[in-house]
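K.L.:
only geometry, no sequence info:
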């Protein structure tokens, strides 16, 4: 038996010492900029139902791009192969909000974990669902086993006011026929999903169905087929960390997803999910402390997917 | 004395025979698509006040991108060097509505005669003018010496409905801080200016102040300093024909500007301006017959700027 | 106990029926073009020492880009972090022989499994080794436990005659200071390593040290540290299949590497390595039958890294 | 009558004061790097046979890229339309030695005045001429009316040693089938033509046939048809100054060509040719003082092509 608590406690103590102050809090919207940068939390949930936590693991933060995994899981669940005609499965090779690739490749985003791809997924959900915002929130609550999860309207409105780049991506895709919804409504949903606030414990819970190959370990419901759950993990492995995905795979070797709020969630298939949060970001927009934490974690437990 | 009428009549007769059917009418909006493709007109106005015309030279058509020269002239007139901090003077090297260059070059368009650059110019006018739409129309009427020039609301609304690509360009520039106006208002002005309808005679008149090095030949008013008028001509020479600018310079050798409505206006500095219209476009979005006409014209009169 | 023989025999029978004729043999050099396209072999080697094979598993073929893994392993073994200053770890996002990324990123290739990156690795080996060609061959022989492995001089010379694109990549990197060797000598080594001929059984053997986390299972020698072996697997997972890497990860989910000779080798860490060969390639330059085979294989054995 | 001597003397005096030290001498090869940066010369030759000079107008320097105009004129003279299937006529929109455009556009350079295009032209000459190096030198001597013009072998060899980027361009084009010669021989010719040394007076003479619409004013020989001479001028106007071509057209408005040796030659069609030399370059690789000089010149004489 691995003593997960001791492991994350030790990592927490070590990384706290040298990691604080190494990155820079996201500052493109006031709501993110004003977060206390010195926060740091870790939570682990294992498939056998135990949860371990340390630091600010129960403080809520903005999940931002981590929401892309939830909406992708919802879309994969209710659609079929046609989804993959509108978005690719390849690493992007360029910045998370680049328009260059879209222009050269007829408005088809490289994968659903960069902004353009996630916007296509949200467009698809907003076509298929009656009340997409309600159902997205409901799905996130179900996966995390917590009803205490909400959109943050201030963050959402702030995102909307600074959404010029995302609007550029969306209109470019629309010019290629790859966006069907009204753009203003779509942006409202997309910025809402980014504004969801969760803490590390809730995030660790919410990714457990992926570690469990598609089966929700809390209630036994099959969320995704085993094959689809694995494929979603493969996508996170290749594309989950923007331009740093290869580096993350190389150093850490876990499928996962990060957000500019400073959160990272990753899984060891068949074992556990782990969430880390610390607001200061490295140059690639990933939590500096988060990546340090996960690298130490895989080294310490001596497990990885390879 | 050159007999301009005979020259354009001969060209008209020749090109009518082989040119009709060689291109393709712009079809991205219904209002342009439904134009009778077999129309063809030529008008010349000389600095000594004579006008020569042949074919459909008095039929109105949508001037589209030719409007970029009018708004640029207005902007050059009322601003100074600061204009050139927001837009470049170099040929684009890419398609007229490409976002790639903007992304690599921080939202500064290559020149004011491609869409992105013209949108920046209109943004600038909409900041500086009280009633930009009224003043743009007023300027065009003054330059052409005709009050019978109007926006076409059907064309404008149709453009607005298909403005996704231009919206993408605009939001991308806004994300770089190079657009100040409200985007919806800006698009309304921009699509309005594109929807202006003029005929060949009016267009030939309206470019005469450039052939006359900045002085309006009709009323003697100085519109631009000689130096600025020459610079505007240099820009048209290098950038006036989208991706075909070099080819046009090579074959024709006149400063000019084309629009997807099928119109082309060009000048011989110190001598004349010439407008040609025929709706069928070549692969670069320039009037097939228009370019043939101008190539024959410079050959026949034995004059060019070189 | 999984009956690997039955599994690959069944897959072989199924894929033989529909797979032959679906791809196109590499035709850029005569030596590859003239291969009989209807060949198809599979070999598996497990960590407990068993080998299973079916079809043309003992026919030699040109390993081509699979050699990139061998030279990378050699370079990782004898160098340290400085290697990663000359080549990245990120998926390329562009074609395997693209110069665009190199120009934008100062001559540092995205990863060591595309041509430019592999050329840097070979440059590094040719600086550090006394007789690079001899030592590369020797390493491949040691890993595969077979002395019956040779360079094919006809293939090498043919590659050299058609190496214009690789020469362009190399000179471009040299202009950025990222190539130190004499270019002609470097190309000779690089084309030699691509010309190595092996069969499926030898290839499966030769990747077993990666499945065994760095320890050669045949003689117990540690080839790479566990950490480095895992990192090399992560790289293969993200970057091993050119532009189809994400798709391969999504459908198959194994770390591996393909070559235009039609060979693919992949591993299940801690379990086995598998080599497939069939010369007909899909549009991405990967063996059509090879990828079909591996997808069925992971589905049938119900194992993957996720 | 314009007093050209007084005009260039005045400009020379003014620009000497503020221009020296504003740029940076080309330093990629020792032979250029070691030039005295404070040199500055101007020469004008008019079509009626007068020559005016000031400063270091009779000091030899390396003409570098100016040689592209001579080889292009030779190629245009001895070939037909087929030339334009191998090289375009459009401004490049990217740096003078960029590979990006070549990769996206199948190895066809944008125009013959950037490196890639000039290499294609030299390739063509080396196919068509018996002794290309001899004939290129002979053509330059004839055009300039001076036998005292030579290749500089030290410069040539130095260029050859630093030709990695040009080799990358050449091999990339060869991979697309757009280079026929042996690459080593081709580079020898290309670096030779760049190493030609001339002074301002010789350069002004040598471009006079272009100002004279194709007719050599010294001996009356027709070098190019009027149409071809004009087209070559149009090309220089659009593409003669690398990434600064549009800016040069805007500020100066003359067809011309610059080289990294610090020389610039430009013409006023029907009137004169002017050569300026000063080794310090601006950020675009054009002589800082050279461009200042020409801008003042067109302003002072009140003539331009527009």
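P.N.:
Looks like it arrived, so ask away. Note that the structure is a prediction, hence the values are computed from the model and not measured.

K.L.:
What parts of the stretch 51-200 of chain A come near chain B?
P.N.:
Those residues of the stretch 51-200 of chain A that sit near chain B, judged by CB under 8 Å from any CB of the partner chain, are A:98-100, A:103-104, A:164-165, A:167-172, A:174-175. Backbone N, C-alpha and C define where each C-beta goes, glycine included.

K.L.:
and those, which are buried?
P.N.:
Under a neighbour-count criterion of 16 or more other CB atoms under 10 Å in any protein chain shown, the subset of these counted as buried comprises A:98-100, A:103, A:164-165, A:167-172, A:174-175.

K.L.:
Just name the shakiest helix or strand of chain A by mean pLDDT.
P.N.:
Between all helices and strands in chain A, the lowest mean by mean pLDDT, DSSP states H and E belongs to helix A:100-104, at a mean of 86.

K.L.:
ok, then the element right after that helix?
P.N.:
Tracing the chain C-terminally past helix A:100-104 and defining elements by DSSP states H and E, one meets helix A:115-128 next.

K.L.:
Mind listing what's buried along that next one?
P.N.:
A:115-126.

K.L.:
Hmm, residue A:298 is touching residue A:254, no?
P.N.:
Yes: with contact defined as CB atoms under 8 Å, residue A:298 and residue A:254 form a contacting pair (6.4 Å).

K.L.:
quick one on the thing from earlier: please narrow the buried ones among the residues of the stretch 51-200 of chain A next to chain B to those residing in strands.
P.N.:
Counting by DSSP state E, no part of those is found in strands.

K.L.:
Of these, which is the nearest to residue B:237?
P.N.:
Nearest to residue B:237 among those, counting by CB to CB, is residue A:103 at 27.3 Å.

K.L.:
got any residues that touch both of residue A:298 and residue A:254?
P.N.:
Residues touching both residue A:298 and residue A:254 (CB atoms under 8 Å, 6 or more residues apart in numbering or on different chains) are residue A:304.

K.L.:
Neighbour count for those two, which is higher?
P.N.:
Per other CB atoms under 10 Å in any protein chain shown, whichever of residue A:298 and residue A:254 has more neighbours is residue A:254, with 26 against 21.

K.L.:
Tell me the secondary structure of that one, please.
P.N.:
For residue A:254, the secondary-structure state derived from DSSP: H, G, I helix; E, B strand; the rest coil is coil.

K.L.:
distance of it from residue B:248?
P.N.:
Using CB to CB, to the nearest Å, one gets 57 Å for the distance from residue A:254 to residue B:248.

K.L.:
just checking, residue A:216 touches residue A:143?
P.N.:
Yes: the pair residue A:216 and residue A:143 qualifies as a contact (CB under 8 Å) at a distance of 7.0 Å.

K.L.:
which neighbours do the two share?
P.N.:
Looking at what touches both residue A:216 and residue A:143 (by CB under 8 Å, 6+ apart), the common residues are A:208-209, A:223.

K.L.:
State which one residue of chain A is found closest to chain D.
P.N.:
Sorted by distance to chain D under CB to the nearest CB, the residues of chain A start with residue A:104, at 8.6 Å.

K.L.:
list the contacts for the residue lying closest to that residue once chain neighbours are set aside?
P.N.:
Once its chain neighbours are removed from consideration, residue A:104 has its nearest residue in residue B:100; the separation is 7.6 Å (CB to CB, 6 or more residues apart in numbering or on different chains). Listed by CB under 8 Å, 6+ apart, the contact partners of residue B:100 are A:99-100, A:103-104, B:94.

K.L.:
would CSV of the residues you listed with distance to residue C:181 be doable?
P.N.:
Shown next, in CSV, are the contacts of residue B:100 (distance: CB to CB, whole Å):
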residue, distance to residue C:181
A:99, 39
A:100, 33
A:103, 38
A:104, 34
B:94, 37
